[in-house]
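Engineer: Mind folding the following:
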Amino acid sequence: MIVGSHLVSIQSAPVERPAPARASVDTPAQDDASDALAKLDNFVESAALSRKAFAEDRLKHLKEQMNTLALFNLAPGFLAGHTARMAKELESAATDFATAFKTLAGLEQPSKMEQPADNPLPAAYLDILSETTPVNARLNTQDMETAASFMDTAYQLRSVVEMISAESPDDARLQWSTDSARDSTSRVSSIMARLEGPSGFNKVFW
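Structural biologist: Alright, predicted model coming up:
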C-alpha cells in the first residue's frame, strides 16, 4: 500500500533575540572616576585651606616680631640681616597665600572652556597647574584685608631697610642684606597686586 504524504509548507516565526546591552551613560568605571575626582577636589581644597591659614599665621607672627624689634635699639648690622630674613619669610608666606587663593578660586569656578578630549583633568586643575589666577576670581573682604596686610608689612620692612641703608652707605655686607630685603618686599607687593589686578590696591610699587 502506498501512503501518500501531504506536504504542508510551514513558515516558522523568526526568533526574537535580545539586542546587545548598550553601555549605560554612567558606567561603573565612570562612577569610580567621578568619585576619584570628588575625593581629589576635597583633598585639594583641604590642602589649600590649610596652606592659606598657615600663610596668614606666618604673617601675624612676622608683624608681632616687627613690633617687638621696634622696642629695642639694635645694631644696624644685626637689624639689616634680621630684616632680610623676615622679608624672605614674608615673601614665602605671600607666595603660599596667593597659590592657595588661586587653587580655591579654580575649584569654585565652573569650566567655561571646552577641554581637550585627551586631557582627563577638569579645567579648574588646568588653571591651578598653570599658576594663573582663574578668570573672574576676586578676593573676598577677608582676603582683601589679608592681602593689604601683606603689602603693608612689606612697606614697613622696606622703610626699615631704607633707614639702615642711609645710615651705613659704605658697609658692603649691610648693603647686600638691604638689597635682598628690597627685592623680597617688592615681590610681595607684586604678588598681592596680581591677585586682584593692577588697580586692586592703591599702593605704589617700589
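Engineer: Every contact and neighbour count from this point should use C-alpha atoms.
Structural biologist: Fine.
Engineer: for the chain, which spans come out with low pLDDT?
Structural biologist: Counting by pLDDT under 70, the chain contains low-confidence residues at 1-34, 36-38, 109-137, 196-206.
Engineer: same thing but at 80, please
Structural biologist: The chain contains residues with pLDDT under 80 at 1-41, 108-138, 169, 196-206.
Engineer: Next secondary structure element downstream of the longest helix seen in it?
Structural biologist: In the chain, with assignment by DSSP state H, the single longest helix is helix 28-69. Proceeding N to C from helix 28-69, the next assigned helix or strand is helix 76-108, under DSSP states H and E.
Engineer: Does that next one pack against any helices or strands, and if so which?
Structural biologist: helix 28-69, helix 123-129, helix 141-167, helix 172-196 (3 or more CA pairs under 8 Å, 6 or more residues apart in numbering; DSSP states H and E).
Engineer: Out of those, which one sits most buried?
Structural biologist: helix 172-196 (a mean of 20; mean count of other CA atoms under 10 Å).
Engineer: follow-up on the earlier one: so which of the helices and strands packed on helix 76-108 gets nearest F97?
Structural biologist: helix 28-69 (4.9 Å; CA to CA).
Engineer: For the closest one, name the packing helices and strands.
Structural biologist: Using 3+ CA pairs under 8 Å, 6+ apart: helix 28-69 touches helix 76-108, helix 141-167.
Engineer: picking that back up, any idea of the angle the longest helix of the chain forms with helix 141-167?
Structural biologist: Angle between the axes of helix 28-69 and helix 141-167 is 40 degrees (criterion: axes from the mean of the first three to the mean of the last three CA atoms, to 10 degrees).
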